[in-house]
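Enquirer: model this:
(one chain, ligands or ions: 1)
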Amino acid sequence: MLHYIQVSSRSRNELIDITSRVEDLLRISGVSSGICHLYCPHTTAGITVNEGADPDVRSDISRFLETLVPVDASFAHREGNSDAHVKSTLVGASETLIIENGRLLLGTWQAVYFCEFDGPRSRKVAVKIIPDS
Ligand code: ZN
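Expert: Numbers count the residues shown, from 1 in each chain. Sure thing, here's the model as predicted:
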């Protein structure tokens, strides 16, 4: 089962919590046990899992990546978004999560984030739900 989650970012750099939207798809699918693969089909965005309880964590990650990979560093790529390409590679384009009892098997404090590095834009995340055989 392949689904897509539409994401609208509002800032150039932003982590957006998509956990409840993934779990909505799990509920609709009726799958109670299996694997959920999330894939970001964009070259300037990514997917990660990290703390969802304190919103300072997501802004810290976003700000630290901006410091680590400055937008005005010396890049050859002429689109002006090389920092976003590098951040996308650092974060990665996918996550594979376990489905148990119809929910994502996440730690108490974990959330799933879509990571925008070249927003604001309309984006999508591919969600493949694979039930146990
Ligand atoms: Zn580019």
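
Enquirer: can you tell me the average pLDDT over the host helix or strand of residue 95?
Expert: According to DSSP states H and E, residue 95 maps onto strand 94-100. Strand 94-100 shows a mean pLDDT of 98.

Enquirer: what does stretch 106-123 give?
Expert: 98.

Enquirer: what does the strand or helix carrying residue 114 contact?
Expert: Assigned by DSSP H and E, residue 114 belongs to strand 110-116. Contact with strand 110-116 is made by 5, 7, 9, 11-19, 22, 38, 40, 45-52, 58, 62, 87-88, 91, 95, 97, 104, 106, 123, 125, as judged by Cβ atoms under 8 Å, 6 or more residues apart in numbering. Every C-beta, even on glycine, is put in place using the N, C-alpha and C of the backbone.

Enquirer: Export that strand to PDB, keeping only CA atoms.
Expert: Written as PDB, here are the backbone C-alpha positions of strand 110-116 (Å, rounded to 0.1, in the frame of the first residue of the first chain):
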ATOM      1  CA  GLN A 110      10.000  10.400  19.700                       C
ATOM      2  CA  ALA A 111       8.300  12.000  16.800                       C
ATOM      3  CA  VAL A 112       8.700  11.700  13.000                       C
ATOM      4  CA  TYR A 113       9.800  14.900  11.300                       C
ATOM      5  CA  PHE A 114       9.700  16.100   7.700                       C
ATOM      6  CA  CYS A 115      12.800  18.300   7.400                       C
ATOM      7  CA  GLU A 116      12.500  21.300   5.100                       C
END
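
Enquirer: where's it relative to the chain centroid, distance-wise?
Expert: Centre-to-centre, strand 110-116 and its host chain are 4 Å apart (Cα atoms, centre = their mean, to the nearest Å).

Enquirer: and the helix or strand following it, what does it pack onto?
Expert: As assigned by DSSP H and E, the chain's next helix or strand after strand 110-116 is strand 122-131. Where contact means 3 or more Cβ pairs under 8 Å, 6 or more residues apart in numbering; DSSP states H and E, strand 122-131 is packed against strand 2-8, helix 19-29, strand 33-39, strand 110-116.

Enquirer: how about whichever residue of the chain sits closest to the ion, phi and psi?
Expert: The ion sits closest to residue 79 of the chain, with a gap of 3.5 Å, by Cβ to the ion. Main-chain torsions, residue 79, degrees, to the nearest 10: phi -80, psi -10.
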